[in-house]
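Engineer: Using only what follows, build the 3D model:
(2 chains, ligands or ions: 3)
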Amino acid sequence: MKFRIYRYDPEKDAKPYLQEYDVALDPHDRMLLDALMRVKAVDDTLSFRRSCREGVCGSDAMNINGKNGLACVTNLLELKEPVELRPLPGLPVIRDLIVDMSQFFKQYHSIKPYLVNDERPPEKERLQAPEDREELDGLYECILCACCSTACPSFWWNPDKFVGPAGLLAAYRFIADTRDQAVNERLDNLEDPYRLFRCHTIMNCVDVCPKGLNPTRAIGKIREIMVKRAV
Amino acid sequence: MTRALRQAAGAHYGWRDWLVQRVTAVVMAAYTVVVLGVALWNGGIDYPLWKALFACGAWKLATFVFMLALTWHAWVGVRDIWMDYVKPVGVRLALEVLTLLALAAYIGWTMQILWGGK
Ligand code: SF4
Ligand code: SF4
Ligand code: FES
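Structural biologist: Numbering: from 1, shown residues only, chains lettered A, B, ... in the order given. Ligands and ions are numbered 1, 2, ... in the order given. Take a look at the predicted model:
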């Protein structure tokens, strides 16, 4: 199978280039990550992240034939050859397919991704009505792979100020949580023209999420709550 | 290397601009529907009809409200573009002021056309 892979080692290369590979696959190789391991066996200087190899850890996100996705859950049969692999767009490249995710995680941390509740915790757990719990479906499943935020033009232009789809999905996960007591602070934190409202509903995020989540919907719900609170 | 100042996020008008953009869009759509309705009803708009329309005070006022909505809508949209693409704060502020001045001039011009007389 033929590949064209983005290569860049800042210590050796003046600028990035695409390297061509043609590797023989095993009949059992089904996902792109399997093929990447074959490439790595041929050329061990190629660098990329991976861990769980089953779409759970979120570490092997990359730009595959122009679209962000996880190599481990991308079926080889669906890919047009030569398969062009690039690092996630918009983030600084550390080496080859490995990007610096600091900015992404900084935005994630900025929304306080944890439950805020000052009441003394009950003996076992904080209970929720099943209907209240249902609201968190489609939010808690995010694996922070960054496919969405790095596909979002608003995040490309303002990664320091716009929280981005992944962070906003997480923000709504806590805004929607009936056990959380900091809704107002959370909304205040997103109320400026950048943090939430740089989203122009382009929906690239929804298009690429490998877990089938919908950050645009979550963003819409935050807007709705914010407007309702104000008018 | 100079260290960037701490990032503050507290300008509480994000939601207002967002809402304004939607509301003004509805106002413009309503006006457009009325104009189209008048045109369809009369089988087109010719000069005498146009003149008669703009002789009516309510029509002038509706047109003025439409222009206000358009201008406000444009302000939010154009400023969005400056916010997305223009990073240096000074340049952005200058562009925003220029935009505001231009839009204010349009409003003045509209008033002149509507109520300026012959
Ligand atoms: S819908 Fe919003 S968050 Fe999602 S890609 Fe578009 S601008 Fe970004
Ligand atoms: S929302 Fe989807 S694409 Fe975005 S980080 Fe979470 S799992 Fe990845
Ligand atoms: S290797 Fe863990 S998500 Fe792909």
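Engineer: What is the helix or strand of chain B with the lowest mean pLDDT packed up against?
Structural biologist: The weakest-scoring helix or strand in chain B, judged by mean pLDDT, DSSP states H and E, is helix B:47-55 (a mean of 92). Packed against helix B:47-55 by the contact rule (3 or more C-beta pairs under 8 Å, 6 or more residues apart in numbering or on different chains; DSSP states H and E) you find helix B:57-85. Just so you know, the C-beta spots here come from the backbone N, C-alpha and C atoms, and that holds for glycine as well.
Engineer: Show me what counts as buried in the helix it packs on.
Structural biologist: Residues of helix B:57-85 classed as buried: B:59-60, B:62-64, B:66-67, B:69-76, B:78-80, B:82-84 (neighbour count, 16 or more other C-beta atoms under 10 Å in any protein chain shown).
Engineer: Near chain B, which residues of chain A? Just list them.
Structural biologist: A:154, A:157-158, A:160-161, A:188-198, A:200, A:223, A:226-227, A:230-231 (C-beta under 8 Å from any C-beta of the partner chain).
Engineer: how about a cut-off of 10 Å?
Structural biologist: A:106, A:110, A:153-154, A:156-158, A:160-163, A:187-200, A:222-231 (C-beta under 10 Å from any C-beta of the partner chain).
Engineer: near ligand 1, from those?
Structural biologist: Counting by C-beta under 6 Å from any ligand atom, A:154, A:199-200 from these sit close to ligand 1.
Engineer: need the contact list for the residue nearest to the spatial centre of chain A.
Structural biologist: The residue lying closest to the centre of chain A (C-alpha atoms, centre = their mean) is A:Ala146, at 2.0 Å. Going by C-beta atoms under 10 Å, 6 or more residues apart in numbering or on different chains, A:Ala146 touches A:58-59, A:61, A:68, A:88, A:90-91, A:99, A:101, A:103-105, A:108, A:155, A:164-166.
Engineer: and if you look at A:Phe162?
Structural biologist: Going by C-beta under 10 Å, 6+ apart, A:Phe162 touches A:107, A:149, A:152-156, A:168, A:193-199, B:83-84.
Engineer: try 6 Å this time
Structural biologist: Contacts for A:Phe162 were tallied using C-beta atoms under 6 Å, 6 or more residues apart in numbering or on different chains; they are A:154-155, A:194, A:198.
Engineer: cool, A:Glu135 as well?
Structural biologist: Applying C-beta under 6 Å, 6+ apart to A:Glu135 gives the contacts A:Ala176.
Engineer: still on that earlier bit, buried only: go through the contacts of A:Ala146 for me.
Structural biologist: Buried among the contacts of A:Ala146 by 16+ other C-beta under 10 Å: A:58-59, A:61, A:68, A:88, A:90-91, A:99, A:101, A:103-104, A:108, A:155, A:164-166.
Engineer: if we can go back for a sec, could you pick out which of the residues of chain A next to chain B are located in helices?
Structural biologist: A:106, A:110, A:153-154, A:156-157, A:187-190, A:222-230 (DSSP state H).
Engineer: Buried only: go through those residues for me.
Structural biologist: Buried by 16+ other C-beta under 10 Å: A:110, A:154, A:156-157, A:187, A:189-190, A:222-223, A:225-226, out of those.
Engineer: Quickly name whichever of these is closest to ligand 1.
Structural biologist: Nearest to ligand 1 out of these is A:Ser154 (C-beta to the nearest ligand atom; 4.2 Å).
Engineer: where's the closest one relative to B:Trp75, distance?
Structural biologist: For A:Ser154, the distance to B:Trp75 equals 19 Å [C-beta to C-beta, to the nearest Å].
Engineer: do A:Pro87 as well
Structural biologist: Distance, A:Pro87 to B:Trp75, by C-beta to C-beta: 38 Å.
Engineer: Name all residues that make contact with A:Arg173.
Structural biologist: Contacts of A:Arg173 (C-beta under 6 Å, 6+ apart): A:139-140.
Engineer: try it again with 10 Å
Structural biologist: Contacts of A:Arg173 by C-beta under 10 Å, 6+ apart are A:111, A:113, A:135-136, A:138-142, A:180, A:218.
Engineer: Quick check: closest non-adjacent residue to A:His200.
Structural biologist: A:Ser154 (6.2 Å; C-beta to C-beta, 6 or more residues apart in numbering or on different chains).
Engineer: hang on, the earlier thing: got the buried residues for the least confident helix or strand of chain B?
Structural biologist: By neighbour count on 16+ other C-beta under 10 Å, the buried set for helix B:47-55 is B:Leu53.
Engineer: which bits of chain A sit near ligand 1?
Structural biologist: Residues of chain A lying near ligand 1 (C-beta under 6 Å from any ligand atom): A:152, A:154, A:165, A:199-205, A:215-216, A:219.
Engineer: Please tell me which one of these counts the most neighbours.
Structural biologist: Taking other C-beta atoms under 10 Å in any protein chain shown as the neighbour criterion, A:Pro165 ranks highest of the residues of chain A next to ligand 1 with 32 neighbours.
Engineer: For that one, what is the enclosing helix or strand?
Structural biologist: helix A:164-175 (DSSP states H and E).
Engineer: Just the mean pLDDT for that helix, thanks.
Structural biologist: Helix A:164-175 carries an average pLDDT of 97.
Engineer: is any part of that helix close to ligand 2?
Structural biologist: Yes - using C-beta under 6 Å from any ligand atom, helix A:164-175 reaches ligand 2 at A:165-166, A:169.
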